[in-house]
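In: Sharing a sequence plus its predicted fold:
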Amino acid sequence: MKNSTQKSIRNLSIAILAISGVTLVYTYIQMISQVWLDNFITPLTWNADIKGWQIFILAARFVGVTLLFVLCSIFLYRINKGLGNGEIFPKSNISLIRWTALVAALLAFVQCNYDAVVRGESALMLDSTTILIPLIILLFAGLYKMAYLTAKDSSLAI
């Protein structure tokens with residue numbers, strides 16, 4: 001692969017990590033502000049009846065966003081490392097994308113219920129993104145696997 005293409009992918013990876021890092025920090029600040037500062041736009045309203053549910057959703061959002069950032073970082077690292085070694089599609093990324101689909105499902109579910117939890121309402125909601133986003137990511141995992149197998153076949157043919 002051309003050096004300019006590798007540079008472009010590396011620069012794009014750095015931009016993705018920078019933007020996702022800023023988003024991660026913003027999410028942390030928002031959650032900390034909602035839990036501990038009363039002057040936030042929508043402060044957290046604790047409801048004794050659903051306190052366990054509220055803690056679960058808050059913790060799942062914190063852990064889910066962190067996991068998504070870590071999985072994205074690992075994916076980009078493996079891509080850039082693979083390009084340096086001449087491997088376009090590292091096989092290890094296939095399972096990583098599948099795990100990302102699981103984390104995305106958790107985050108989509110949490111995002112559906114987050115506003116109700118912050119307001120202290122007892123509601124369990126699901127929407128189409130809870131199922132659609134993980135399915136799309138799984139589709140990309142399948143496409144990535146096909147690309148890996150195609151690249152492997154083409155390298156064997158040469």
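Out: All right, it came through fine.

In: Which residue lies nearest the spatial centre of this protein?
Out: Closest residue to the average C-alpha location of the chain: residue 68 at 3.0 Å, with C-alpha atoms, centre = their mean.

In: show me the contacts for that residue.
Out: Applying C-beta atoms under 8 Å, 6 or more residues apart in numbering to residue 68 gives the contacts 100, 103, 104, 107. From N, CA and C alone the C-beta is placed, and that goes for glycine too.

In: Please apply the same query to residue 118.
Out: 34, 42, 43, 44, 45.

In: Could you single out the nearest of these to residue 64?
Out: Proximity of these to residue 64 (C-beta to C-beta) peaks at residue 34, which lies at 16.1 Å.

In: I'd like to know which elements the one helix or strand the closest one maps to is packed against.
Out: Assessed by DSSP states H and E, residue 34 sits inside helix 3-36. Of the remaining helices and strands, those touching helix 3-36 by 3 or more C-beta pairs under 8 Å, 6 or more residues apart in numbering; DSSP states H and E are helix 51-85.

In: mean confidence for the helix it packs on?
Out: Helix 51-85 comes out with an average pLDDT of 95.

In: what's the answer for stretch 139-151, then?
Out: 95.

In: same check, this time on stretch 92-103
Out: 96.

In: what sits up against it?
Out: Taking C-beta under 8 Å, 6+ apart as the rule, stretch 92-103 contacts 64, 67-68, 71-72, 74-75, 78-79, 134-135, 137-138, 140-141, 144-145, 148.

In: Fine, thanks again, bye for now.
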